[in-house]
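*Asks:* Quick one, what's the 3D model for this:
(one chain, ligands or ions: 1)
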Amino acid sequence: MKDSKPVIGVLALQGAYEKHAHALEAAGAQARLVKRPAELAGLDGLIIPGGESTTFLKHLERDGFFDLLKDFVRDTPTFGTCAGAILLATGVERPHQHSLGAIDMTVERNAYGRQIDSTILRGPTTLPGGDLEMVFIRAPRISHVGDQVEVLARREGAPVLVRQGHLLAATFHPELSVDPRVHRLFVDTVRAHTAPIARD
Ligand code: GLN
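*Replies:* Next comes the predicted model:
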């Protein structure tokens, strides 16, 4: 089998997309910045980065981007970090807002303080290799997950890294840590998802 690099997009409407692109390349993928809906075509996976979820929603209102993205995440591996995790959730609270409704979880926005809450913690994870450094920036809290959601790391008991089939979400910013495990996990998820499709 030809071992080609999976092509993974990074939604580049705002937020820390360059760092995600570098982390993906380091984890063995080919990264592509996505600024327009047509650029979703042909991708093996996508990262929706952190930023401000309300701003993302505003950008996505244009050119049918939101609806296209909603269809995309149904079948294609997607990793949402922080604001990206908010967009992937089925339920968003404080305040309620529109989302892609892909991962069966409820999130509360800005749940760790009203103003700037930036914290770097080390916490246990089910990923091999010991504790994980987690950079939180005005992070949401995942207050509920459905039965199909696997919790891979927690902060004070609440899930902070979750997986549901081909979808991954983190309420922290793995692109701001040197630890490559979370991006590797996503690249592996993309590879596993695309593997059954025979390619010449
Ligand atoms: N507080 C932001 C929101 O509600 C998320 C912050 C982040 O992505 N770092 O969308």
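*Asks:* can you map out the helices along the chain?
*Replies:* 17-26, 53-60, 65-75, 83-88, 181-194 (DSSP state H).
*Asks:* Export the ones you listed to CSV and append columns for distance to residue 137.
*Replies:* No exception for glycine: its C-beta is placed from N, CA and C like everyone else's. Formatted as CSV, the helices of the chain follow (distance: least, C-beta to C-beta, whole Å):
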stretch, distance to residue 137
helix 17-26, 13
helix 53-60, 13
helix 65-75, 23
helix 83-88, 10
helix 181-194, 15
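*Asks:* Out of the ones you listed, which is the most enclosed?
*Replies:* Comparing these by mean neighbour count (mean count of other C-beta atoms under 10 Å), helix 83-88 comes out on top with a mean of 28.
*Asks:* Is there proximity between that helix and the ligand?
*Replies:* Yes - Helix 83-88 is in contact with the ligand by C-beta under 6 Å from any ligand atom, via 83, 86.
*Asks:* The residue positioned nearest the centre of the chain and the ligand, how far apart?
*Replies:* Geometric centre of the chain, nearest residue: residue 80, 1.6 Å, by C-alpha atoms, centre = their mean. Counting by C-beta to the nearest ligand atom, to the nearest Å, the gap from residue 80 to the ligand is 9 Å.
*Asks:* lowest-pLDDT helix or strand in the chain?
*Replies:* Among the helices and strands of the chain, strand 118-123 carries the lowest confidence by mean pLDDT, DSSP states H and E, at a mean of 91.
*Asks:* Alpha carbons of that strand, as CSV, please.
*Replies:* The C-alpha coordinates for strand 118-123 follow below in CSV (Å, rounded to 0.1, in the frame of the first residue of the first chain):
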residue,chain,number,x,y,z
SER,A,118,-5.4,31.2,30.9
THR,A,119,-4.0,28.2,32.8
ILE,A,120,-1.4,25.6,32.0
LEU,A,121,-2.0,22.3,33.8
ARG,A,122,-0.5,18.9,33.6
GLY,A,123,-3.2,16.2,33.9
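*Asks:* Return the residues of this protein in contact with the ligand.
*Replies:* Contact residues (C-beta under 6 Å from any ligand atom) of the chain with the ligand: 50-53, 82-83, 86, 109-110, 137-138.
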